[in-house]
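**Q** got a sequence here, can you model it:
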Amino acid sequence: MHFSDKIKRAIEQDYAILNALKPKGKLDWNSFTRTQFNTVARVINKEITREVMANPDLIELNLVIGKQKLEKEMQRLRCHNLYEYLKLLGNMSEYRVYNWVSGKTLQSYWQGGDCKFIKVNALLVFLKVPMKDWDSWLQEIRLVNQKSSLPATGFSKSSLQVVKSYYLGNYFLYYQKTDGSKNIIKTPFILKEHESGQVMVKSVSEGHRYSGKVMGIRDGCLYINCQNLDFEEMEQYVFNIGLETKPQVLFGVSNTVSVKTRLAVALRNVLVKQKTDDPSFDNIQETEIPFSRKYPAPTEEAIIVTYLKQFNDNIISTPNCCNLEDLKEAYLTRRVIPGG
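**A** From the prediction side, this is the model:
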């Protein structure tokens, strides 16, 4: 995922950074040495730490550091809980800087390297961009990445045209919660054409914002890639469409990571297309529906919930890595594989 010029320009024009670099003329960031980027990173990291101390939610919600990375850092720093971790950050001296973004990472961005959303979040914190505006700044990055050609992924432009002709619109996405509870999630799922020509996807699931794009159609299946905007997580959808050109209900699966266990899971998904394209559809909140809910009439929701609750395999979970002996023992004794 490529970086955006908008964030580059904002960083290049930042007063604190310019003051640290003490330029004597026009700066060419594309020719910066690692030492110069290390200087930039030092300024950025100091400010991010200050912002984190003022707003610990940035850490608790894993907006500037991933959950697994945070756990490793707390272990490295011998912090037993989040309070101790934050206290350590607050007690750092002026000369000891916590490394949210490295000079090496910044240098790669100015040389066309890939970036991660969580690093971009950290840079937005440095730039003091209000969180309500993050999505518009992230959209700038998505636009950059939409310019990549589709044929390289193996999907033809003609397949994307089929999507535009028959599959754009508002849908409700239904799936069982990854925690295994007898509850169904119902949330808006929007497919719309962007001015760039790409078909964009937008959804909010269990408080997590997802954004992505339709990759195309192959072998009768619709492929969609989504990025979680709040955590370092990708979600891939595959829906069966066959030769149907006016589908009302699409069946498929999604591959994601369980929020609770951080292990890979596959979920049965059902998409139901809505008859109208309500412009405020993306403001609809997700709902959690128990299997036990009683319906007086066969509404859309009633039909889908009845369909999903008949299966025992709506969620396919996976254990952690192991060796063959562990696998053999778990299979023979019917025990759970360690870490599973």
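**Q** just the CA atoms of stretch 79-86, as PDB, please.
**A** Taking Å, rounded to 0.1, in the frame of the first residue of the first chain, the C-alpha atoms of stretch 79-86 are listed here in PDB:
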ATOM      1  CA  CYS A  79       5.500  -3.900  32.000                       C
ATOM      2  CA  HIS A  80       2.800  -6.000  33.600                       C
ATOM      3  CA  ASN A  81      -0.100  -3.900  32.500                       C
ATOM      4  CA  LEU A  82      -1.100  -1.000  30.300                       C
ATOM      5  CA  TYR A  83      -0.800   1.500  33.300                       C
ATOM      6  CA  GLU A  84       2.900   0.500  33.800                       C
ATOM      7  CA  TYR A  85       3.500   0.900  30.000                       C
ATOM      8  CA  LEU A  86       2.000   4.400  29.900                       C
END
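**Q** and it, how far from the chain's centre?
**A** Distance of stretch 79-86 from the chain centroid (Cα atoms, centre = their mean, to the nearest Å) equals 26 Å.
**Q** what's the average pLDDT for it?
**A** Averaged across stretch 79-86, pLDDT comes to 90.
**Q** give me the contacts around it.
**A** 52, 53, 56, 59, 60, 70, 73, 74, 77, 88 (Cβ atoms under 8 Å, 6 or more residues apart in numbering). Where C-beta positions appear, they are placed from N, C-alpha and C, glycine not excepted.
**Q** what does stretch 14-33 give?
**A** By Cβ under 8 Å, 6+ apart, the list of residues contacting stretch 14-33 from outside reads 8, 11-12, 36, 39-40, 42-44, 47, 107, 110-111, 127.
**Q** so what sits opposite the most centrally placed residue in the chain in the bridge?
**A** Per Cα atoms, centre = their mean, the C-alpha nearest to the average position across the chain is that of residue 228, at 1.4 Å. Beta-bridge partners for residue 228, by DSSP bridges, are residue 210.
**Q** how close does it sit to residue 324?
**A** 33 Å (Cβ to Cβ, to the nearest Å).
**Q** of the contacts of stretch 79-86, select the buried ones using a PyMOL command.
**A** Only the buried entries of those go into this PyMOL selection, using 16 or more other Cβ atoms under 10 Å:
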select buried, resi 52+59+70+73+74
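**Q** can I get the contacts of stretch 79-86 in JSON lines with secondary structure and distance to residue 320?
**A** Output for the contacts of stretch 79-86, formatted as JSON lines (DSSP: H, G, I helix; E, B strand; the rest coil; distance: Cβ to Cβ, whole Å):
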{"residue": "52", "secondary structure": "helix", "distance to residue 320": "30"}
{"residue": "53", "secondary structure": "helix", "distance to residue 320": "34"}
{"residue": "56", "secondary structure": "coil", "distance to residue 320": "29"}
{"residue": "59", "secondary structure": "helix", "distance to residue 320": "25"}
{"residue": "60", "secondary structure": "helix", "distance to residue 320": "25"}
{"residue": "70", "secondary structure": "helix", "distance to residue 320": "19"}
{"residue": "73", "secondary structure": "helix", "distance to residue 320": "20"}
{"residue": "74", "secondary structure": "helix", "distance to residue 320": "20"}
{"residue": "77", "secondary structure": "coil", "distance to residue 320": "24"}
{"residue": "88", "secondary structure": "helix", "distance to residue 320": "29"}
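**Q** nice, that's everything, thank you.
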